[in-house]
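Peer 1: quick one: sequence and predicted model below, then my questions.
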Amino acid sequence: MGGKPPEGVRLIGEDGRRHDGRLPHELRPIHMEVGVLNNADGSAIVQYGRTRVLAAVYGPREPHQKFPLLPDRAALRVRYHMAPFSTEDRKSPAPSRREIELSKVVRESLEPIVIAEEFPRTVIDVFLEVLQADGGTRTASVTAASLALADAGIPMKALVGSVAIGKVEGVLVVDVDELEDMYGEADMPVAAAPDLGEITLLQLNGVLSREEFSTALEMALESIKTIVDMEKDVLRKTYTSVEGGEQ
Amino acid sequence: MSITPFRTPIAPSLVKEAYLALLKKGWRPGDRDLKTPRNLKIETGIIEKAEGSALVKLGNTQVIAGVKADIGSPFRDTPDQGVLTVHAEFVPLASPMFEPGPPDENAIEVARVVDRSLREVGAVDLPSLAIIPGEKVWVVWVDLYVIDHDGNLFDASMLATMAALLTARLPAYEESESGEILLKRGTPGEPIKVNTWITTVTTAKIGGYVVVDPNLEEEAISDVRLVTALDSGGRIVGMQKTGMGGLTTRDVERMIEYSIEASKVYFKALEDSIKR
């Protein structure tokens, strides 16, 4: 973070628009689809602009390896992983420290919504593969995981959605992409379940004043509501067309 | 891969009930109110062979930070800056929950949160760590060693890091005629330039209550924690929600308010430890 953007790139233009033409509160074009994989019990692909994440859910099931099961609930196992071809420079497929941390925070963003108590002594696997990274890979991952869990029929208290708020040239913006993340002053990924009124992931990399923080959190929750509504639409469309024909 | 933890201490519901009854009255065991951190002691210069070091005792939690410096190459994208790396080890002597082996997700999380809190505001002046820009720079390692775990490893680690960095002296060196840099280990040279003092404050949500600096028992009965990194002007320079639960907007606002207040206690202790 910090430094100067490449020649000719204005992060915030004279007209208040961002380098890709978006207004500060605008999300990138978002695409969601569920049931995209054959083998998985549930799956989804989510795109935030050029960021593309594939999610698969297996379980509840007996784990392959010997594995300490929990007597009172299903264990949630989450892997966030970036494909070697997803970035400008090839990313080594071995899990980095960043991926280990993000696997943890993404798991903790799902723990409050999955009703794991219904399946003691089993494991629910959530596998996330970032196919292309252009900023917001963890937020797209949470959204994809939420859809894949629903697609797998895992009981959930609510759906979660996620978005990152950034600060570029002093302006708070929604859904930062890679360029804005790289040259901006702050990046704040948030995940929430609007129907529960709960924030399930909250990180901040960068500097915000107390007031900016409150505004950023509000902006995030508003956009997350939009994203979760899109999730509901996609699920409704998919399942009503399978089960009941056109509706 | 991150898995729902199974080795966390199971707090009997009786303990939780006892805590909740006290919290209702605005108190915690040990005559502590909800907003006050535990007794904090910071000792610096405890490892003579390290460039800088500190031992932090936060209640019964103990963390050592050691700073070591070496000459190395800069990163390609920051040729004119030194390199700072934070690493944390949860060594098995610190807790029955810790096992030998490479750092797990919890140790990696602590190290990365500390690292980001310093990096994003430029707390450590990396340009001044360049010796020959583009060629030779100081590579500074902060190694965190948790030696006794009684909760809130984030704050203890951040405090130890700051105290060690603030008191560190890079080794003196000589440049030979062929342009080689020869370190004179054991002879203290320049200090490490610190631009901004940073602290993290961890708050936990227990039932409907928010508490500052949770001990291990409180962490076990808490639903979720929020780590807030702050500078001495009350700006938020980093944040990390950690733990299985969720937070409402109201929780978050209250946690920040408590954190800003508690950060003053931490900054005062840091200041005192440097003076000594």
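Peer 2: Looks like it arrived, so ask away. Numbers count the residues shown, from 1 in each chain, chains lettered A, B, ... in the order given.

Peer 1: tell me the pLDDT of the spatially most central residue of chain B.
Peer 2: When CA atoms, centre = their mean is applied to chain B, the residue found nearest the centroid is residue B:158 (1.8 Å). The model reports residue B:158 with a pLDDT of 98.

Peer 1: host element of it?
Peer 2: Here residue B:158, judged by DSSP states H and E, is contained in helix B:153-166.

Peer 1: so how far is that helix off the chain centroid?
Peer 2: Centre-to-centre, helix B:153-166 and its host chain are 4 Å apart (CA atoms, centre = their mean, to the nearest Å).

Peer 1: skip the chain neighbours and tell me the closest residue to the residue in chain A that chain B sits nearest to.
Peer 2: Chain B sits closest to residue A:198 of chain A, with a gap of 3.2 Å, by CB to the nearest CB. Every C-beta, even on glycine, is put in place using the N, C-alpha and C of the backbone. Leaving out its chain neighbours, the residue that sits closest to residue A:198 by CB to CB, 6 or more residues apart in numbering or on different chains is residue B:246, at 3.2 Å.

Peer 1: could I get the buried residue list for the lowest-mean-pLDDT helix or strand in chain A?
Peer 2: Least confident helix or strand, chain A: helix A:210-244 with a mean of 93, by mean pLDDT, DSSP states H and E. If you call a residue buried by 16 or more other CB atoms under 10 Å in any protein chain shown, then helix A:210-244 has these buried ones: A:212-213, A:216-217, A:219-221, A:223-224, A:227-228, A:230-231, A:234-235, A:238.

Peer 1: stretch A:181-192 too?
Peer 2: The neighbour-count check on stretch A:181-192 (16+ other CB under 10 Å) flags A:181, A:183, A:184, A:185, A:186, A:187, A:188, A:189, A:190, A:191, A:192 as buried.

Peer 1: check contacts around the nearest residue to the second one once chain neighbours are set aside.
Peer 2: Going back to what we said before, that points to residue A:183. Using CB to CB, 6+ apart and skipping residues adjacent in sequence, the residue nearest residue A:183 is residue A:5, 4.4 Å away. By CB atoms under 8 Å, 6 or more residues apart in numbering or on different chains, the residues touching residue A:5 are A:11, A:19, A:179, A:182, A:183.

Peer 1: what about 10 Å?
Peer 2: Counting by CB atoms under 10 Å, 6 or more residues apart in numbering or on different chains, residue A:5 touches A:11, A:19, A:168, A:169, A:179, A:180, A:182, A:183, A:184.

Peer 1: what do you get for residue A:83?
Peer 2: Here residue A:83 is in contact with A:52, A:53, A:54, A:90, A:91, A:93, A:129, A:130, A:131, A:132, A:133 (CB under 10 Å, 6+ apart).

Peer 1: rerun that using 7 Å as the cut-off
Peer 2: A:129, A:130, A:131 (CB atoms under 7 Å, 6 or more residues apart in numbering or on different chains).

Peer 1: okay, those in JSON lines with neighbour count and secondary structure next?
Peer 2: Shown next, in JSON lines, are the contacts of residue A:83 (neighbours: other CB atoms under 10 Å in any protein chain shown; DSSP: H, G, I helix; E, B strand; the rest coil):
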{"residue": "A:129", "neighbour count": "18", "secondary structure": "strand"}
{"residue": "A:130", "neighbour count": "24", "secondary structure": "strand"}
{"residue": "A:131", "neighbour count": "15", "secondary structure": "strand"}
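
Peer 1: closest one of those residues to residue B:186?
Peer 2: residue A:130 (46.9 Å; CB to CB).

Peer 1: thought that closest one was touching residue A:82?
Peer 2: Yes: counting by CB atoms under 7 Å, residue A:130 touches residue A:82, with 4.3 Å between them.

Peer 1: any idea how far apart the tips of stretch A:160-178 sit?
Peer 2: With CA to CA, to the nearest Å applied, stretch A:160-178 spans 23 Å between its terminal residues.

Peer 1: average pLDDT for it?
Peer 2: pLDDT averaged over stretch A:160-178 gives 97.

Peer 1: among the contacts of residue A:5, which lie within helices?
Peer 2: Members of those lying in helices (criterion: DSSP state H): A:179, A:180, A:182, A:183.

Peer 1: what's residue B:150 in contact with, if anything?
Peer 2: For residue B:150, the contacting residues are B:59, B:60, B:61, B:215, B:216, by CB under 7 Å, 6+ apart.

Peer 1: what subset of these is buried?
Peer 2: Buried by 16+ other CB under 10 Å: B:59, B:61, B:215, B:216, out of these.

Peer 1: ranges for the helices of chain A?
Peer 2: A:97-110, A:137-151, A:178-183, A:210-244.

Peer 1: got the angle for the longest one vs helix A:137-151?
Peer 2: It refers to helix A:210-244. 30 degrees (axes from the mean of the first three to the mean of the last three CA atoms, to 10 degrees).

Peer 1: against which helices or strands is helix A:210-244 packed?
Peer 2: Under the contact criterion of 3 or more CB pairs under 7 Å, 6 or more residues apart in numbering or on different chains; DSSP states H and E, helix A:210-244 touches strand A:30-34, helix A:137-151, strand A:161-168, strand A:171-174, strand A:186-193, helix B:249-275.
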